[in-house]
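# can you look at this prediction? I've put the sequence above it.
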Amino acid sequence: MENLINIFIKSIFIDNMVFAFFFGMCSYLAVSKTVKTSMGLGLAVVFVLGITVPVNYLLDKYILAEGALVWLDPSMADVDLSFLSFIMFIAVIASMVQLVEMIVEKFAPALYSSLGIFLPLIAVNCAILGGSLFMQERGYSSIAEVTSFGLGSGIGWLLAIVGIAAIREKIRYSNVPAPLRGLGITFIVTGLMGIAFMSFMGIKL
C-alpha cells in the first residue's frame, strides 16, 4: 500500500507531466483560458489516463511483450510483438477518448462546445501516450501500481492546467507589458510554476 501511495504522490508532484516533462503542452496552453473549461478537460484527461494505462499494461504484459503469449501455447515463448506497442497503445487511447467525447456531448453539451476540437485531440495528447510509454519503460509489477501511476499522472496534469487557468483569469486584470500579453506571459508563468514544482523533488519517498 505504501508503494502505491509513493507512486501516486510522485506522479502528481515530482514527475508531473507538464512541469517535469512538458507533455500535453498544446492542450495546456490552448484550453487554459478559463478554470471551467480547464477543469472539464483535466477531468477528461484523468479519466483517459486512469483507464488507458492499466489497459495498455495488460495488453503489453499478456500480448505484446516478448514471451507474453506463452499462456496461449508454450511454443509461442519466442514470439515478440513489442514492435506493435505504439499502434496498439494509440488504438486503445483513441477508443477511450471517443467514449469520453460521447459522454461529455451527451451530459455536458456546454462544456463539449467550449472545449471544441481539443476534446478529440486528447487522443494525440503526448501526455496520454507518455503515460503508457512510461508505464512500459518503468516496468511496474502489478495492475494496482500502473493504475496508481495513471491516476496520479492525470491528477498532476489537472492541477497544472487548472492552476495556470486560475492565474490567467486573474492576470487579465494586471498591467502586463503589451509584448508579453497572451501566450508570452503564460510561458513565463509556466516556467515559474515548473521551478516551484521542482521543490517537491526534495520529498523523501
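Done, it's in.

# next SSE downstream of the lowest-mean-pLDDT helix or strand in the chain?
Across the helices and strands of the chain, mean pLDDT, DSSP states H and E gives its lowest value to helix 109-115, namely a mean of 81. Downstream of helix 109-115, the next assigned helix or strand under DSSP states H and E is helix 126-138.

# can you work out which other helices and strands pack against that next one?
Applying 3 or more Cβ pairs under 8 Å, 6 or more residues apart in numbering; DSSP states H and E, we find helix 126-138 packed against helix 35-59, helix 85-107, helix 143-171. The C-beta positions use only the backbone N, C-alpha and C, and glycine is treated the same way.

# in the least confident helix or strand of the chain, what's buried?
Buried residues in helix 109-115, counted by 16 or more other Cβ atoms under 10 Å: 111, 112, 114, 115.

# wait, the third one touches residue 37, no?
Yes - taking contacts as Cβ atoms under 8 Å, residue 114 lies within contact range of residue 37: 4.9 Å.

# kindly calculate the angle that the strand or helix carrying residue 186 makes with helix 143-171.
Using DSSP H and E, residue 186 falls within helix 183-198. If you take axes from the mean of the first three to the mean of the last three Cα atoms, to 10 degrees, helix 183-198 sits at 140 degrees to helix 143-171.

# so where's this protein uncertain?
204-205 (pLDDT under 70).

# how about the residue of it most remote from its centre, secondary structure?
Here the centre of the chain is the reference, and by Cα atoms, centre = their mean the most remote residue is residue 75, at 37.5 Å. Here residue 75 is recorded as helix under DSSP: H, G, I helix; E, B strand; the rest coil.

# also the one 4 residues further on?
Reducing the assignment to helix, strand or coil with three-state DSSP, the entry for residue 79 is coil.
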